[in-house]
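Participant: Here's my sequence, what's the structure:
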Amino acid sequence: MANKIDYEKVLNPAQLEAVRTLEGPLLVIAGAGSGKTRTLVYRVARLVETGVPPESILLLTFTRKSAQEMLERAAGLSDARCRFVSGGTFHSLALRVLRSHAELVGFKNSFTILDRSDMEEVIRSLVPELRIPKGAPRFPKRGTLTNILSKSANLQKPVDEFMTEEYAQFLHFSSEIHRLGNLYTAYKKTNLLMDYDDLIIYLRRLLEEREEVRQNLSRQYGYVMVDEYQDTNTIQADIVRWLAHEHRNIMVVGDDSQSIYSFRGANYKNMFDFPARFPEAKILKLEENYRSTQPVLTFTNALMSSASETYTKCLFTNRSGGERPKVIDTRTEPDQASFVYQCIREQMGQGRSLSDFAVLFRAGYHSFELEAELTRRGVRYVKHGGFKFLESAHIKDFLAHLRVVANKDEAVSWIRILKLVKNVGQGKSQAMIRWMSENQIPPGRVGEWPGAAKNVTGLKPLSGLISRLASNKINPQTAVEEVLAYYLPILKEKFDDYPRREKELGQLIHMAGRYRKLGSFLDDLVLEPPSSPADLDADGRAETLTLSTVHSAKGLEWPVVFIIWVTDGRFPPLRAFDNPSALEEERRLMYVAATRARDQLILCYPGRESAVSWNPTGRGTGLSSFIKDVPDDVISYESAGVRQNLAGGYGSRGYGMSSDPNVFEVKQSGSAGFSTGDRVRHPAFGPGVVSRFLDDDKVEVLFKNFGR
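Facilitator: Alright, predicted model coming up:
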């Protein structure tokens, strides 16, 4: 028996209008946290309740799981028959249609679907047909070629049109890659194969060229709904137009301000083109937010008010209270990491749990310093997007060269760096390690291994590097620079995305520059890794802090959200300043990050490390221009000086001072008497807080009135 829903009781006025508008085209602009999914669920229930057969309703989403969850919710609310609504992805719909009509696009109905790994294997097998000359620059690996050809298909653009921005290092091969694309297309035709991109391309072709197919689908699906419409590409938007061409009963839901997937081919302008494709469309806005406090929403509204192209909406909430978002100048990157840790520790002392917090960032490598700090503190965290600092292959390779200097018997690192040498595999690397161990050979003489054949020429450069690193005079920063110079050619050979990885390795130079001893640098960097999120404690899943790229955080929420590195050059990245559309997407990305916060939003930037070393143009330094554009009365500016509610009283230790006014010389045996967060007082500089340990007899202290 179906339940009768009191829609007016459970929906706000805008949601109610969307649910009750069943006929004709409808564009629903759903602001962050405004109940978009709830609206779709109740509209499915409403359609079935009014007598529309479930099989004639089509709900298109970007994952099969989300469609199933919506239909289960609708079935639980109203009528169990809601489970029979046709829900799924664009690709699943395309496959169903093409299985019946493949002959109309030149295939048999028995065609096979290529998954990603199959696609890569086919492309790899076709590369020899290009006859790339010996001695030519290295050709891209199959994974990169697959990315390029797939994006070309999704964007419907020649490869050289987008390679300039994303794969400039291989632009000289654009004609060969274009030819490879033709070979790949012919191979699929001959062997009756389709990849994921082909599915939606051929579906659009069928709908566009075959009236009988279009009419049959219109009769089958008299009501169409599309979720996350801002993430559709041009091909998918065309499919939506043709699906509703006959009956016009189409509802699309999305938020142009949350369109952040252009790298996948998504086109946020589909939201603006919808009224042109359906001139009679009704436009509704969901603006009541059920997630955040009003001060957070006031900030996000102000953030998007400067966008060049957007549907104007003003998010509001009935929640009371809340504080203005804080913008914190932490001065340096280590201080940024320390500030985040201290702030979380304080709030946990006031009753919050670790899982109440999330730290968001633009790129995966932006969290490296924070990860090191959390590891030192024993804080459990799970990272989404990017990769964990110590788990990425190029970071492991890089640090292995330093670790064998700190510990010449470190066999795991020796094997890793030796196998990077051309024509050295597992057997030879183990033989070299045994030879050095049994004969007490210093690490810097590894190149003298008697088993080295003529084709093993890379041992001498490695020996020279290790010898230089082993010098007592070398400091950590110079050591990192030496390894980078040696490893960079290997990086370029090993990874197609080496420009990104090179930038990430460059961060190690800045980190090492804050240490005086290589051992201290490695100890801080390579402590016991934090527990896996899969580890369970006695009470179930262990509480963890969430670290995430903004892209991976979309759709999620937390009570307290930190956004770190909100500086021009990082967020937004420097490359975005040369492309107005890219800069607009970065603004939307900041909006997505900020709207993840329920109760408190804290934006951090290390003002003193404002991009000088990695931004030679001098443009884009300091606080993110997105934040600067926001009126001052919307946010609260602070500096991360001494925080009044830090545990511990002022001490009288550490009156000695080095040439750096922020570095105390500890007047005792070692620094065991100090803990990070301890308050100290200096006769000239006043109160300060211990920030970090530099070595056995020095600690760094932050002063409230720093910069004096």
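Participant: For Gly444, which three-state class applies?
Facilitator: At Gly444 the chain is in helix, as set by DSSP: H, G, I helix; E, B strand; the rest coil.
Participant: repeat for Lys285
Facilitator: Look at Lys285: counting by three-state DSSP, its state is strand.
Participant: where in this protein is pLDDT low?
Facilitator: Low-confidence segments of the chain (pLDDT under 70): 1-3, 386-391, 453-456, 523-542, 610-621, 641-708.
Participant: tally of neighbours for the nearest residue to Ala597 once chain neighbours are set aside?
Facilitator: If the residues on either side of it in the chain are set aside, Ala597 comes closest to Val561, at 3.8 Å by Cβ to Cβ, 6 or more residues apart in numbering. Bear in mind the C-beta positions are built from the backbone N, C-alpha and C, glycine included. Neighbourhood size, Val561 [other Cβ atoms under 10 Å]: 29.
Participant: ok, and the closest non-adjacent residue to the spatially most central residue of the chain?
Facilitator: Closest residue to the average C-alpha location of the chain: Thr549 at 3.4 Å, with Cα atoms, centre = their mean. Closest residue to Thr549 apart from its sequence neighbours, by Cβ to Cβ, 6+ apart: Gly385 at 3.0 Å.
Participant: My read is that the one you found contacts Ser552, right?
Facilitator: Yes - counting by Cβ atoms under 8 Å, Ser552 is a contact partner of Gly385 at 3.4 Å.
Participant: hang on, the earlier thing: name the SS class of the residue nearest to Ala597, please.
Facilitator: strand.
Participant: so what's it up against?
Facilitator: Contacts for Val561 (Cβ atoms under 8 Å, 6 or more residues apart in numbering) come out as 357-360, 593-594, 596-597, 600-602.
Participant: Just grab the bridge partners of it for me.
Facilitator: Note on Val561: beta-bridge partners Ala358, Leu601, judged by DSSP bridges.
Participant: what comes up buried for stretch 470-477?
Facilitator: Residues 470, 476-477 are the ones in stretch 470-477 that count as buried (16 or more other Cβ atoms under 10 Å).
Participant: Pipe those into TSV and attach distance to Tyr196 and secondary structure per row.
Facilitator: Converted to TSV, the buried residues of stretch 470-477 look like this (distance: Cβ to Cβ, whole Å; DSSP: H, G, I helix; E, B strand; the rest coil):
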residue	distance to Tyr196	secondary structure
Ala470	51	coil
Pro476	46	helix
Gln477	46	helix
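Participant: Please identify the helix or strand for Ser110.
Facilitator: When elements are assigned from DSSP states H and E, Ser110 belongs to no helix and no strand.
Participant: And it, how far from Val97?
Facilitator: 15 Å (Cβ to Cβ, to the nearest Å).
Participant: So for these two, which sits in the more crowded spot?
Facilitator: Val97 (20 against 8).
Participant: Is it correct that Leu547 falls within a helix?
Facilitator: No - applying three-state DSSP, one finds Leu547 to be strand, outside a helix.
Participant: So what pairs up with it in the strands?
Facilitator: Beta-bridge partners, per DSSP bridges, of Leu547: Val359, Lys383.
Participant: Can you list the buried residues in stretch 484-496?
Facilitator: Neighbour counts over stretch 484-496 (16+ other Cβ under 10 Å) mark 484, 486-487, 490-492, 495-496 as buried.
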